[in-house]
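Novice: Fold the following, please.
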Amino acid sequence: MADSRPTVFADGVIEAQVAHGVARITLATTGSDGKAIPCATLCVPVTQLPALVNGMGNLLKQIEDRVRAQVQQQQAVQPADADSTTGAFRFQS
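Specialist: Have a look, this model is predicted:
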């Protein structure tokens, strides 16, 4: 069965507010003029916000660890002046 969940790309946050127990976070993309353009609103119950933030923090730590390991591996294999590219990788919670 095909996955029908929408995908939203965001590279920033314009604003966040809380009303009636729900955090509403306005996500943004950067336009060609360098200004933030709203692209979606993420709505999260305030009671679930700590779990979401902790999950994002754990993801960031995994990314940092993976990048650090890749850099160390590349430095061990390649001369310092060689061109290097990083690959894609997937993380699971």
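
Novice: hey, where'd the strands end up in this protein?
Specialist: Counting by DSSP state E, residue ranges of the strands within the chain are 12-19, 22-30, 36-45.

Novice: can you list those in TSV and add distance to residue 67?
Specialist: The C-beta positions use only the backbone N, C-alpha and C, and glycine is treated the same way. Converted to TSV, the strands of the chain look like this (distance: least, C-beta to C-beta, whole Å):
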stretch	distance to residue 67
strand 12-19	21
strand 22-30	22
strand 36-45	25
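
Novice: Please work out which of the ones you listed is packed deepest.
Specialist: Between the strands of the chain, strand 22-30 has the highest mean count of neighbours, a mean of 16, where neighbours are mean count of other C-beta atoms under 10 Å.

Novice: Partner strands of it, with direction?
Specialist: For strand 22-30, the paired strands and their directions (DSSP bridges) read strand 12-19 (antiparallel), strand 36-45 (antiparallel).

Novice: quick one: contacts of the last one?
Specialist: If you take C-beta atoms under 8 Å, 6 or more residues apart in numbering as the criterion, strand 36-45 is touched by 8-10, 12, 14, 21-31, 52.

Novice: Where does pLDDT dip in this protein?
Specialist: Across the chain, the stretches falling below the confidence threshold (pLDDT under 70) are 1, 78-93.

Novice: Any figure for the gap between residue 36 and residue 55?
Specialist: Separation of residue 36 from residue 55 (C-beta to C-beta, to the nearest Å): 24 Å.

Novice: just so I know, which of the strands paired with strand 22-30 lies nearest residue 68?
Specialist: For the strands paired with strand 22-30, distance to residue 68 was read as C-beta to C-beta. The smallest value, 25.0 Å, belongs to strand 12-19.

Novice: So for residue 60, which of the strands of the chain sits nearest?
Specialist: Each of these was scored for nearness to residue 60 using C-beta to C-beta, and the closest is strand 12-19 (15.1 Å).

Novice: Can you name the residues in contact with that closest one?
Specialist: Contact partners of strand 12-19, identified using C-beta under 8 Å, 6+ apart, comprise 23-30, 36, 38, 46.

Novice: Using JSON lines, please lay out these together with distance to residue 66.
Specialist: JSON lines is the format used below for the contacts of strand 12-19 (distance: C-beta to C-beta, whole Å):
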{"residue": "23", "distance to residue 66": "29"}
{"residue": "24", "distance to residue 66": "32"}
{"residue": "25", "distance to residue 66": "26"}
{"residue": "26", "distance to residue 66": "30"}
{"residue": "27", "distance to residue 66": "24"}
{"residue": "28", "distance to residue 66": "26"}
{"residue": "29", "distance to residue 66": "25"}
{"residue": "30", "distance to residue 66": "25"}
{"residue": "36", "distance to residue 66": "28"}
{"residue": "38", "distance to residue 66": "31"}
{"residue": "46", "distance to residue 66": "31"}
